[in-house]
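> No sequence on hand, only this structure:
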């Protein structure tokens, strides 16, 4: 009895494990498909923006940034597509094994069923059911023979149903196999095109780098100048942030030297809601891609030169609207010499800054909602580039926007 229970328990655990593994594999495949589609959309955005700027005099440094980003996206797309193809290969192999096993099982079932029919036919010829019952020695034996006849007929019927179900199962698996092979072939074809695109992008990148390397010192000087300009603007924004923190502490009767906001109960709720949406915030523009990421990183043309960004630089389309990523209050609109304005939105002890904005539609003190339009992204008249700098702060410290904004 205990052995039977143990066997049942092992069987139950095995079934649960199979279900879990199947569920886990399906989830993994869906995650890969979602990621592949996301990367495809990213490439489409890059292509559209490159096409828009093709007639403009885009700088070599900007072109390198675009090429570098697109090459990274294409590499990721090829990697994800290969993973999907490998999963499909494993599924196809598993299903092919199931088909082989089912065919062998069906062959044996049909052979057993045929033998059963022949035996039943011979039994009917040799002795009728009635004679079989009447020849019983007693009622008990006759009853048992009757039960045997019924069980034999039921077994015969059950065998026929099993064969029918197994045949249907085999047909379904074959249909799945066909779909999986078609899906795999489509992925292989997509990867072939992506690989071709990647090779073309690398060739253009190498050609441009060769031209840049001939006058590397000039381009290095340009990068340093851009870094100084970015540092100058970010220094002004940081000063405004610190002033806002000091203002909140003074209002609360606390030390103005504190590096953290003094929050009202309402601001605490807002900050908590902002935190709860980490990784889910919408983009500050409807269409775009991150040309330059957050933090310290080697220059794309001179690895010995380290560049630093407090936020991310987003390339978008001409006339793109700037949208706030979460509910908040317009804390400051900063007018910067030789640059376009910066709008700072406060979300409790979090702040988001949007730099390079024109046609501003809000004023300081306004309450704004998620995705509310703040203005338009300015377009450089010389290069035709439309770039938005986006920064996230927690108190006086910057955060990586990619960890806050959905699929950045």
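Yep, that arrived. Everything numeric in this text was worked out from a predicted model, so none of it was measured.

> got the contact list for residue 39?
Taking Cβ atoms under 8 Å, 6 or more residues apart in numbering as the definition of contact, the neighbours of residue 39 are 73, 76-77, 80. The C-beta positions use only the backbone N, C-alpha and C, and glycine is treated the same way.

> how about those, which pair is most distant?
Every pair in those was compared (Cβ to Cβ); the two farthest apart turn out to be 73 and 80, at 10.5 Å.

> ranges for the helices of the stretch 101-250 of the chain?
Assigned helices in the stretch 101-250 of the chain, in chain order: 129-134, 139-213, 216-251 (criterion: DSSP state H, counting those that start in this stretch).

> no no, the stretch 251-400 of the chain
Using DSSP H, counting those that start in this stretch, the helices assigned to the stretch 251-400 of the chain run over residues 265-276.

> where does the stretch 101-250 of the chain have low pLDDT?
109, 112-114, 116-137, 139, 141-143, 145-157, 159-160, 163 (pLDDT under 70).

> Recalculate using a threshold of 50.
By pLDDT under 50, the weakly predicted segments of the stretch 101-250 of the chain are 125-127.

> ok, residue 334 - how many residues close by?
When neighbours are defined as other Cβ atoms under 10 Å, residue 334 has 17 of them.

> For it, give me its contacts.
Residue 334 sits next to 236-237, 240, 341-344 when contact means Cβ under 8 Å, 6+ apart.

> right, and the helices of the stretch 101-250 of the chain - which one's nearest residue 91?
With Cβ to Cβ, the closest approach to residue 91 among the helices of the stretch 101-250 of the chain belongs to helix 139-213: 5.7 Å.

> which helices and strands does the closest one pack with?
Judged by 3 or more Cβ pairs under 8 Å, 6 or more residues apart in numbering; DSSP states H and E, the packing partners of helix 139-213 are helix 60-126, helix 129-134.

> now the angle between helix 60-126 and that helix, please.
Using axes from the mean of the first three to the mean of the last three Cα atoms, to 10 degrees, the interaxial angle of helix 139-213 with respect to helix 60-126 works out to 160 degrees.

> Show residues contacting stretch 254-270.
Residues from elsewhere that reach stretch 254-270, judged by Cβ under 8 Å, 6+ apart: 242, 244-246, 248-252, 271, 327-328, 347-349, 395-396.

> let's see 10 Å
For stretch 254-270, the surrounding residues in contact (Cβ atoms under 10 Å, 6 or more residues apart in numbering) are 241-253, 271-272, 326-329, 346-351, 393-397.

> try stretch 179-191
Applying Cβ under 10 Å, 6+ apart, the set of residues contacting stretch 179-191 from outside is 33, 36, 40, 77-89, 91-92, 95, 198.

> among those residues, which ones are buried?
Buried subset of the contacts of stretch 179-191 (neighbour count, 16 or more other Cβ atoms under 10 Å): 33, 36, 40, 77-78, 80-81, 83-85, 87-88, 91-92, 95, 198.

> Same list (the contacts of residue 39) but as TSV, adding distance to residue 267 and pLDDT.
What follows is the contacts of residue 39, written out as TSV (distance: Cβ to Cβ, whole Å; pLDDT from 0 to 100):
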residue	distance to residue 267	pLDDT
73	38	86
76	39	86
77	42	88
80	41	87
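
> can I get the residues you listed in a markdown table with distance to residue 210?
What follows is the contacts of residue 39, written out as a markdown table (distance: Cβ to Cβ, whole Å):
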| residue | distance to residue 210 |
| --- | --- |
| 73 | 23 |
| 76 | 26 |
| 77 | 26 |
| 80 | 31 |
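
> Ends of stretch 304-318, what's the gap?
Distance across stretch 304-318, first residue to last, is 34 Å (Cα to Cα, to the nearest Å).
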